[in-house]
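Q: Give me the fold of what follows.
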Amino acid sequence: MLKFEDYSQRYETIAMSRADGILEVTFHTMGDSLRWNLTAHREMAEAFRFIATDRENRVVVMTGTGQEFCGPRALAGSTAYSSRPDGDAWEATAFTEARELIGALLDIAVPVIGVVNGPALRHSEVALLSDIVIASEDATFEDTAHFQLQDFVPGDGVHVVYTMLLGINRARSFLLMGEVIDAEEAKRLGMVAEVQPKDKALERARELARMLAAKPDRLLRYTRALLVHPIKKQMHEHLALGLAVEGLAALA
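A: Here you go, the predicted structure:
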């Protein structure tokens with residue numbers, strides 16, 4: 001099992017710091033907002049697994065950098081790949097790695113606070129799987145990079161997350177039509193717990209993290225296990241199917 005000093009410096013797209021058991025995880029591309037790519041995908045899957053197995057982590061705070069949580073927005077008619085992926089590439093980078101990313105994130109054994117510091121233009125499910133989600137006033141949530149703009153099946157976990165958060169009818173419309181939900185609407189819908197000014201969101205998360213970290217270790221771990229159990233059940237039942245049909249459509 002790697003120690004914090006061993007895994008915290010391994011990544012191009014993830015910066016980490018820890019004090020008093022509170023781990024801060026910041027996604028970025030060269031110090032600015034994360035530009036989603038296969039490197040970020042691979043690094044999240046690995047980093048979440050190391051975080052999950054490090055018992056020195058007592059609360060995790062995840063956030064982005066710069067003006068956006070994650071981007072860029074996909075271009076209409078574009079594709080997620082420079083050329084059509086083959087079956088082996090899809091199995092390795094999407095079917096296997098995507099399941100590990102979601103599984104490792106949910107396997108983090110302590111409370112997770114997500115700070116959506118701006119528009120989440122891609123993979124908003126990463127932040128929304130946190131126990132407490134804090135959105136900046138300019139945050140937005142969308143999944144336009146799948147069905148709406150790139151002709152991909154939205155099957156990499158967003159179909160599970162948004163169905164759980166929005167209900168089945170609103171989620172189906174959201175995923176098909178490329179709807180964008182702003183921060184206040186996200187709070188009204190129950191997607192996020194709080195909306196904060198952009199320059200206050202991370203500090204609010206740190207305040208909540210200190211409150212949680214004051215609790216006994218076993219209380220934190222057992223409560224986290226209980227709260228993510230129904231999400232794990234839904235992912236176990238639906239994630240592999242979603243990735244399979246996404247791959248079939250992409251490879252057709």
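Q: Kindly check the end-to-end length of stretch 192-211 for me.
A: 19 Å (CA to CA, to the nearest Å).
Q: list the buried ones in it?
A: For stretch 192-211, the neighbour count (16 or more other CB atoms under 10 Å) marks 192-196, 201-202, 204-206, 208-209 as buried. Glycine gets a C-beta too; all of them are placed from N, C-alpha and C.
Q: so how far is that stretch from its chain's centroid?
A: Mean C-alpha position of stretch 192-211 versus that of the full chain (CA atoms, centre = their mean, to the nearest Å) differs by 17 Å.
Q: And for stretch 24-34?
A: On CA atoms, centre = their mean, the centre of stretch 24-34 falls 13 Å from that of its chain.
Q: What's the mean pLDDT across that stretch?
A: Model confidence over stretch 24-34, given as mean pLDDT, is 98.
Q: same thing with stretch 220-228?
A: Across stretch 220-228, pLDDT averages out at 98.
Q: What lies in contact with that stretch?
A: Stretch 220-228 is contacted from outside by 58-59, 106, 108-112, 131, 212-213, using CB atoms under 8 Å, 6 or more residues apart in numbering.
Q: out of these, who's nearest residue 39?
A: residue 108 (21.1 Å; CB to CB).
Q: burial of the residue nearest to that closest one when sequence neighbours are not counted, as a residue count?
A: Counting by CB to CB, 6 or more residues apart in numbering, residue 108 lies nearest to residue 52, which is 4.6 Å off, once chain neighbours are set aside. Residue 52 is flanked by 18 other residues according to other CB atoms under 10 Å.
Q: contacting residues around residue 52?
A: By CB under 8 Å, 6+ apart, residue 52 lies in contact with 104-105, 107-109.
Q: my read: residue 25 touches residue 63, true?
A: Yes. The pair residue 25 / residue 63 is scored as a contact, 7.5 Å apart, by CB atoms under 8 Å.
Q: And the pLDDT at residue 239?
A: So residue 239 comes in at 96 (pLDDT).
Q: coming back round to it: most neighbours of all the contacts of residue 52, which one?
A: residue 105 (26 neighbours).
Q: Next, the contact list for that one, please.
A: Per CB under 8 Å, 6+ apart, neighbours of residue 105: 44, 48, 52, 112, 126, 129.
Q: where in the stretch 51-200 of the chain is pLDDT low?
A: 77-87, 89-93 (pLDDT under 70).
Q: residue boundaries of the helices in it?
A: 87-90, 97-107, 125-128, 147-150, 158-166, 168-177, 183-189 (DSSP state H, counting those that start in this stretch).
Q: Now distance to residue 246 too, for the ones you listed, in TSV please.
A: Shown next, in TSV, are these (distance: least, CB to CB, whole Å):
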stretch	distance to residue 246
helix 87-90	9
helix 97-107	9
helix 125-128	14
helix 147-150	10
helix 158-166	9
helix 168-177	12
helix 183-189	25
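Q: Which residue is the nearest non-sequential neighbour of residue 243?
A: Per CB to CB, 6+ apart, closest to residue 243 is residue 95, 4.9 Å.
Q: Any idea how many residues pack against that neighbour?
A: Count around residue 95 with other CB under 10 Å applied: 17.
Q: Give me the distance from the top helix by length along the chain to the chain's centre.
A: Longest helix in the chain, counting residues (DSSP state H): helix 217-251. Taking the mean of its C-alpha atoms, helix 217-251 sits 12 Å from the chain's own mean (CA atoms, centre = their mean).
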